[in-house]
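Chemist: What shape does this take:
(one chain, ligands or ions: 1)
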Amino acid sequence: MTADGARTARAPAKINAHLAVGPLRADGFHELRTVYLAVSLFDTVTARQGDGLSLAVSGEGAGAATGADAVPTDRRNLVWRAAELLAEHAGVPADAHLEITKTIPAAAGLAGGSADAAAALVALDALWGTRADRADLLELAARLGSDVPFSLLGGVALGTGRGEQLAPVLAGRAWHWVLGIAGQGLSTPSVYAELDRLRAAGLLPDGEELLPAEPVIGALRSGPASGLATALANDLQAPALALRPELRRALGAATSAGALGAVVSGSGPTVAALAEDETAAVRLAASLAGEGVFRTVRVVTGPVPGARLV
Ligand code: C5P
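Modeler: Now for the predicted structure:
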């Protein structure tokens with residue numbers, strides 16, 4: 001805690017090593033079977049005493065559509081809704097000034113908004129002394145968004161339901177990735193809608209049979225990086241490519257530059273490229289940065305822990 005009582009929490013980005021998407025449900029969501037991996041790109045949220053709610057955003061990617069400037073500073077921001085929800089749950093006034101410092105690009109398929117919401121829950125719980133237990137925070141997180149519970153939990157987890165039901169998964173080692181980040185974001189609902197459209201047109205399998213996650217879970221637990229590279233799978237990759245054809249070149253650039261495997265992260269457009277080890281990841285990042293297909297590249301490792309006070 002600082003002298004003025006401010007509390008800061010940080011939360012990680014995620015990639016999906018496996019993302020199997022079922023048909024559209026009656027509630028507007030899709031049934032998922034996903035393997036989340038938290039990686040070492042963190043946003044922080046600082047909460048201080050305030051009068052009502054106020055929000056400021058700063059950080060990475062000034063001027064870019066996937067940068068901090070693109071993040072709303074009003075009620076549209078998930079952090080704002082997280083504050084209202086926790087205040088209501090705890091029966092305290094929603095009084096706080098919140099500052100988000102972004103390292104995770106926005107609208108990138110990396111759960112940046114979810115990370116901010118999870119960090120806000122943790123920071124505000126400490127600021128307000130609400131002492132919400134872990135189960136309560138996970139329940140509030142699920143109401144905020146499908147990926148928010150995982151942003152709290154971190155590590156590696158199998159996500160089912162709409163992604164909010166989590167079971168921890170063992171990772172046998174640290175995995176090294178390069179994230180290729182685009183200048184333009186993709187809206188998650190539009191990628192799911194494109195998947196539905198391609199399925200309705202018979203251009204993709206209907207998704208009734210969810211692709212099993214065992215190959216990825218087994219590869220994460222043990223075995224060579226090449227095994228994980230082969231097992232990477234994402235049903236949202238085809239619709240993301242349909243909406244953003246240049247992503248095909250970006251995926252190709254990653255494998256040509258030496259990635260063991262490359263997959264679109266979540267609803268994209270970030271490309272997650274797997275490397276053999278940290279040295280190979282740094283080399284891969286340098287090579288991809290020189291290609292000019294990405295706005296920026298980041299070397300990350302995972303698993304890392306979920307949202308916590310710093
Ligand atoms: O849960 P969240 O608010 O992050 O989801 C954003 C949008 O992504 C949903 O409104 C829905 O269109 C889509 N989505 C989905 N199925 C999921 C998760 C998200 O269709 N399991």
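
Chemist: got the residues of the protein near the ligand?
Modeler: G28, F29, H30, L32, G145, S146, D147, R162, G163, T188, P189, Y192 (CB under 6 Å from any ligand atom). Backbone N, C-alpha and C define where each C-beta goes, glycine included.

Chemist: These in strands, which ones?
Modeler: Members of those lying in strands (criterion: DSSP state E): H30, L32.

Chemist: Between all of the residues of the chain next to the ligand, which two are at the greatest distance?
Modeler: Using CB to CB, the pair of the residues of the chain next to the ligand lying farthest apart is G28 and D147, separated by 15.8 Å.

Chemist: all helices for the stretch 151-300 of the chain, in order.
Modeler: According to DSSP state H, counting those that start in this stretch, the stretch 151-300 of the chain carries its helices in the segments 188-200, 214-221, 225-231, 237-243, 246-256, 278-291.

Chemist: how much space between L204 and A242?
Modeler: Note on L204: its distance to A242, by CB to CB, to the nearest Å, is 10 Å.

Chemist: Look up the residues that both of those two are in contact with.
Modeler: Common neighbours of L204 and A242 (criterion: CB atoms under 8 Å, 6 or more residues apart in numbering): L198.

Chemist: Mind checking which of the residues of the chain next to the ligand are buried?
Modeler: H30, L32, G145, S146, D147, R162, G163, T188, Y192 (16 or more other CB atoms under 10 Å).

Chemist: Among those residues, which one sits closest to L210?
Modeler: L32 (8.0 Å).

Chemist: Can you name the residues that contact that closest one?
Modeler: Residues in contact with L32, defined by CB under 8 Å, 6+ apart, are L19, A20, V21, G22, S146, G159, T160, G161, R162, G163, L210.

Chemist: try 6 Å this time
Modeler: By CB atoms under 6 Å, 6 or more residues apart in numbering, the contact list for L32 reads G163.

Chemist: a markdown table for the residues of the chain next to the ligand, including pLDDT?
Modeler: Shown next, in a markdown table, are these (pLDDT from 0 to 100):
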| residue | pLDDT |
| --- | --- |
| G28 | 95 |
| F29 | 97 |
| H30 | 98 |
| L32 | 98 |
| G145 | 97 |
| S146 | 97 |
| D147 | 98 |
| R162 | 97 |
| G163 | 97 |
| T188 | 96 |
| P189 | 96 |
| Y192 | 98 |
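
Chemist: Let's have the residues of the chain next to the ligand in JSON lines, adding distance to L127.
Modeler: Below are the residues of the chain next to the ligand laid out as JSON lines (distance: CB to CB, whole Å):
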{"residue": "G28", "distance to L127": "33"}
{"residue": "F29", "distance to L127": "32"}
{"residue": "H30", "distance to L127": "35"}
{"residue": "L32", "distance to L127": "33"}
{"residue": "G145", "distance to L127": "22"}
{"residue": "S146", "distance to L127": "26"}
{"residue": "D147", "distance to L127": "24"}
{"residue": "R162", "distance to L127": "29"}
{"residue": "G163", "distance to L127": "28"}
{"residue": "T188", "distance to L127": "29"}
{"residue": "P189", "distance to L127": "32"}
{"residue": "Y192", "distance to L127": "35"}
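
Chemist: ranges for the strands of this structure?
Modeler: Using DSSP E, strands in the chain cover 7-24, 30-48, 53-59, 96-102, 156-160, 165-168, 175-181, 233-234, 261-264, 271-275, 296-302, 308-309.

Chemist: can these go into JSON lines with extra columns for distance to V282?
Modeler: Below are the strands of the chain laid out as JSON lines (distance: least, CB to CB, whole Å):
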{"stretch": "strand 7-24", "distance to V282": "18"}
{"stretch": "strand 30-48", "distance to V282": "14"}
{"stretch": "strand 53-59", "distance to V282": "23"}
{"stretch": "strand 96-102", "distance to V282": "23"}
{"stretch": "strand 156-160", "distance to V282": "23"}
{"stretch": "strand 165-168", "distance to V282": "29"}
{"stretch": "strand 175-181", "distance to V282": "9"}
{"stretch": "strand 233-234", "distance to V282": "25"}
{"stretch": "strand 261-264", "distance to V282": "17"}
{"stretch": "strand 271-275", "distance to V282": "8"}
{"stretch": "strand 296-302", "distance to V282": "6"}
{"stretch": "strand 308-309", "distance to V282": "27"}
